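> structure of the sequence below:
(chains A and B)
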Amino acid sequence: MNGLWTALLGLGDQLAAHVLLSAAAIALGIAVALPLAVWASQSEKVARASLAFASLVQTIPALALLALFFPILLSLRAVFGEGLPTLGFLPALLALALYALLPILRNAVTAQANLDPGVIEAAEGVGMSFRQRLWLVEAPLSAPYIMAGIRTAAVWTIGAATLATTIGQKSLGDPIFAGLQTQNWVLVLAGCIASAGLALVADTLLGLIERGFRERRRRLWLGGLVAVSLGVGAALFAQFGGSEDDDRIVIGAKGFSEQYILARLIGQRLEAEGFAVEYRDGLGSAVAHSAAASGDVDVYVDYTGTIWANQMKRTDSLPREAMYDELVAWETENTGMRVLGRLGFENAYGLAVPQERANMSGLQSIEDLARVAPQLTIGGDPEFFERPEWIAVRDAYGLRFGEKRNFSPTFMYNALVSGEAHVIGAYTSDGRIEADNLAILADPKGAFPNYDAIILLSPAAGRNAALVAALEPLVDAIDVGAMREANYSVDREEDKLSFDEAARRLAARAGL
Amino acid sequence: MTSTERPALSFCDIAKSYGATCAVDGVSLEIPRGQFVALVGASGSGKSTLLKTVNRLVEPSSGRVLFDEPYVAEMPLPSLRRRIGYVFQSIGLFPHMSVAENIAIGPRLAGERLASGRIDELLELVELPSEMAGRMPDALSGGQRQRVGVARALAGSPELLLMDEPFGALDPVTRDALGERVRALHAELGLTTILVTHDMAEALLLADRVLVMDAGRIVADELPEALVAGEGGEIAQSLVAVPRHQAERLKELSK
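Residues are numbered from 1 along each chain as shown, chains lettered A, B, ... in the order given. Sure, this is the predicted structure:
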């Protein structure tokens, strides 16, 4: 219970960001839906087309809609220039506003269609212009219905805004995604309680406004409106009140434990040197790289093999040093990012088997595995079997397994222990390799590329001498044993450490 | 023609069709100032459509309406409608406005504030107590609502009053009382009034002149006395026959 309180109280920043994002998206939704509804009342065609469009948007899963705005905005850079943000607030705002459109539009159109024709005839009969009819008659009579639509939109938007975390926008989704990744249910629960609570509060206040409109009680809707404005105002102040915001160093992290810990490790060092920091957690892999290239994120940790395959689109394999040098040169030339150096450990893909089975069957390398593979089941994370690395290894050793199964990373290790999988595509810095007593099979043909962890700085951060000086001690400071221990301390079922604590212990062990 | 004899309203060859259906089929007509005209006919005869060409709730397909000289289609719509009082069957009080706000809406649109004394005066004209001013429409009876509707139509001091089946939804007692009241107001305020109704008895008792419409044309244009005396042709007489028959039966009953 205590942990839950602490987690909830630590969510102030996320709550403020969540409120602002949701409020902005609903406001934009209203700004688009209402004029559209007025237009729709003039033309059956517009009514049908706009409602069909809004319904269509609604059928796209919210997560996909958010993700789609990344390529859309990226292509719009051709028009608006390189300064157009492709991650974070803008795409989240646009996707959520689209999502909020339907309930507002539908209620507004329905309200207008159901207005008493006698009242409309009277409005014309007393000589109202179109504009006067709209403001003096149609708007006040439709207001309660439109407000009901806004309420629905608000509840949806606040829920869907938790997904904005995945495109690099801070929200109450941060603790949910972080908690899911590490099976820290207290964090998940805290995020859920906070966002559900926010939705309830918003629903109640907007309900007050709706009732005020319906019963024509000015005090009621004015009160609701003031309360909503105060809430949004407080969030604005919390977010931007603390003046020196532009100097903050934004530290990015992809959505797994090691990344969260390393982000804290970097953050703690920077804070000790007097920098103000901010975390962007749970970023997708491609998202993290482009966020740093565009300067939305100042510093994050990536892996050589990932950039090699995904950003550089290379399929060949080079020796470790040559690969690193090419990568550094490529980043300098193509993104302007600075590769500060290697952290000192590798988080590669490797094929892992339980030590006992390795001993029993005499498995030491992937070559040994290839001989018995047809009798075995291999497990991998959902993307593993699609990745070029797997295809390269499979072809290099002629691997043909009896069965292939997908697991989420956490359950994959459980599957190996319980025997549902005999071999898994594991991450070599994962703490569970030691904890579960697994053996990583040797790769004599070098088919798996190198995955050295490297520190990447955005172009601006790379020119910041004080920042570079503060981070340089991290280079070559962390060996794979230390990283595995830190990962295990947050991944294990019992006695989990927080990311902050794990990062502090990792720093101590590395002598930083 | 001297100015006093100039008609308040002239219809010149008005026609209105909706697709293949012809609602009004070439009507020419002059209505002198101060006259109370009833426009009678069965449903679908085109009487409402003809009425609405005056305040341009309906734009005629051809022909034109002259209101006090100017061509109606050339007058700015808001000011045209504010010069014409309009009362219709579904009343159309604005449900989110009080009685006083409903009455004052026309002048408000023109940028004037109606003094509360004027609202009391208008309420008095339609025989409603001044306490009604603060009520909302849903707190009124049907008859009271239509009285407010009439007061609203008179608020801008119009010269012309158009009434489209104004008493159609009212109970007979209210209907009779309000009809009498409107007839008296017509005289008091020096209005020119056109009343559309399907009730020949109402037309005969209230109007100075009765026009009978059928299939978009005016088929009779008579004084009430002449209609009662059997003039006006077959269609007009078939409409007069209804109240006449009722009156005869009542007379028999009272014997």
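
> center of the chain, which residue is that?
All of this refers to chain A. Closest residue to the average C-alpha location of chain A: A:Thr166 at 1.4 Å, with CA atoms, centre = their mean.

> my bad, chain B
The central residue of chain B, meaning the one whose C-alpha is nearest the mean C-alpha position (CA atoms, centre = their mean), is B:Met163 at 2.0 Å.

> quick one: that one and B:Ile194 touch, right?
Yes. Judged on CB atoms under 8 Å, B:Met163 makes contact with B:Ile194 at a distance of 6.9 Å. All C-beta spots, glycine's among them, are computed from the backbone N, C-alpha and C.

> check residue 64 and give its pLDDT.
Defaulting to chain A. Among the per-residue scores, A:Ala64 shows a pLDDT of 89.

> the chain in question should be chain B.
Per-residue confidence for B:Arg64 comes out at a pLDDT of 91.

> likewise A:Lys404?
In this prediction, A:Lys404 carries a pLDDT score of 89.

> tell me the spacing between A:Leu90 and chain B.
39 Å (CB to the nearest CB, to the nearest Å).

> same question for that residue, what's its three-state structure.
Classification of A:Leu90 by DSSP: H, G, I helix; E, B strand; the rest coil places it in helix.

> now for it: which residues touch it?
Taking CB atoms under 8 Å, 6 or more residues apart in numbering or on different chains as the criterion, A:Leu90 is in contact with A:Phe69, A:Leu73, A:Leu84.

> type out the PyMOL command that picks the buried ones from the residues you listed.
Buried subset of the contacts of A:Leu90, written as a PyMOL selection, criterion 16 or more other CB atoms under 10 Å in any protein chain shown:
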select buried, chain A and resi 69+73
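
> Serialize the contacts of A:Leu90 to CSV and add fields for distance to chain B, pLDDT and secondary structure.
Listed next are the contacts of A:Leu90 as CSV, based on distance: CB to the nearest CB, whole Å; pLDDT from 0 to 100; DSSP: H, G, I helix; E, B strand; the rest coil:
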residue, distance to chain B, pLDDT, secondary structure
A:Phe69, 40, 88, helix
A:Leu73, 43, 87, helix
A:Leu84, 44, 81, coil
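
> picking that back up, SS state for the residue nearest to the centre of chain A?
helix.

> any weak-confidence spans in the stretch 1-150 of chain B?
When the per-residue scores of the stretch 1-150 of chain B are filtered using pLDDT under 70, the ranges that remain are B:1-6.

> pull out the buried positions in stretch A:325-342.
Of the residues in stretch A:325-342, those buried (16+ other CB under 10 Å) are A:Leu327, A:Val328, A:Trp330, A:Glu331, A:Thr335, A:Met337, A:Arg338, A:Val339, A:Leu340, A:Gly341, A:Arg342.

> for stretch B:36-56, same thing?
B:36-41, B:45-56.

> then stretch A:427-438?
With burial defined by 16+ other CB under 10 Å, the residues of stretch A:427-438 counted as buried are A:Tyr427, A:Thr428, A:Ser429, A:Asp430, A:Gly431, A:Arg432, A:Ile433, A:Asp436, A:Leu438.

> can you report how many residues lie near the closest residue to chain A within the stretch 1-150 of chain B?
Chain A sits closest to B:Gly92 of the stretch 1-150 of chain B, with a gap of 2.8 Å, by CB to the nearest CB. The number of residues packed near B:Gly92 is 26, by other CB atoms under 10 Å in any protein chain shown.

> chain neighbours aside, what residue packs nearest to it?
Nearest in space to B:Gly92, with sequence neighbours left out and distances taken as CB to CB, 6 or more residues apart in numbering or on different chains, is A:Ala122 at 2.8 Å.

> count the neighbours of that neighbour for me.
Under the neighbour criterion other CB under 10 Å, A:Ala122 is assigned a count of 26.

> can you tell me the SS state at it?
Reduced to three states by three-state DSSP, A:Ala122 is helix.

> which SS state does the residue lying closest to B:Leu128 once chain neighbours are set aside fall under?
The spatial neighbour of B:Leu128 that comes closest, neighbours along the chain excluded (CB to CB, 6+ apart), is B:Arg147 at 5.4 Å. With three-state DSSP as the basis, the three-state label of B:Arg147 is helix.

> pretty sure B:Arg147 contacts B:Arg175?
No. With the criterion set as CB under 8 Å, B:Arg147 and B:Arg175 do not qualify as a contacting pair; they are 11.8 Å apart.

> looking at these two, which one has more neighbours?
With neighbours defined as other CB under 10 Å, B:Arg147 and B:Arg175 compare such that B:Arg147 has more, 27 against 18.

> contacts only, for whatever residue of the stretch 201-350 of chain A ends up closest to chain B.
The stretch 201-350 of chain A approaches chain B most closely through A:Arg216 (6.2 Å), counting by CB to the nearest CB. With contact set as CB under 8 Å, 6+ apart, A:Arg216 has these partners: B:His96.

> for it, pull up the helix or strand it's in.
Assigned by DSSP states H and E, A:Arg216 belongs to neither a helix nor a strand.

> where does pLDDT dip in the stretch 201-350 of chain A?
Along the stretch 201-350 of chain A, the parts satisfying pLDDT under 70 run over A:242-246.

> contacting residues around whatever residue of the stretch 151-255 of chain B ends up closest to chain A?
Scanning the stretch 151-255 of chain B for proximity to chain A using CB to the nearest CB identifies B:Arg152 as nearest, at 7.0 Å. Residues in contact with B:Arg152 (CB under 8 Å, 6+ apart) are A:Val126, B:Leu93, B:Asn102, B:Ile103, B:Ile105, B:Gly106.

> follow-up on the earlier one: how about TSV for the contacts of A:Leu90, with distance to A:Ile249 added?
TSV is the format used below for the contacts of A:Leu90 (distance: CB to CB, whole Å):
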residue	distance to A:Ile249
A:Phe69	26
A:Leu73	24
A:Leu84	23
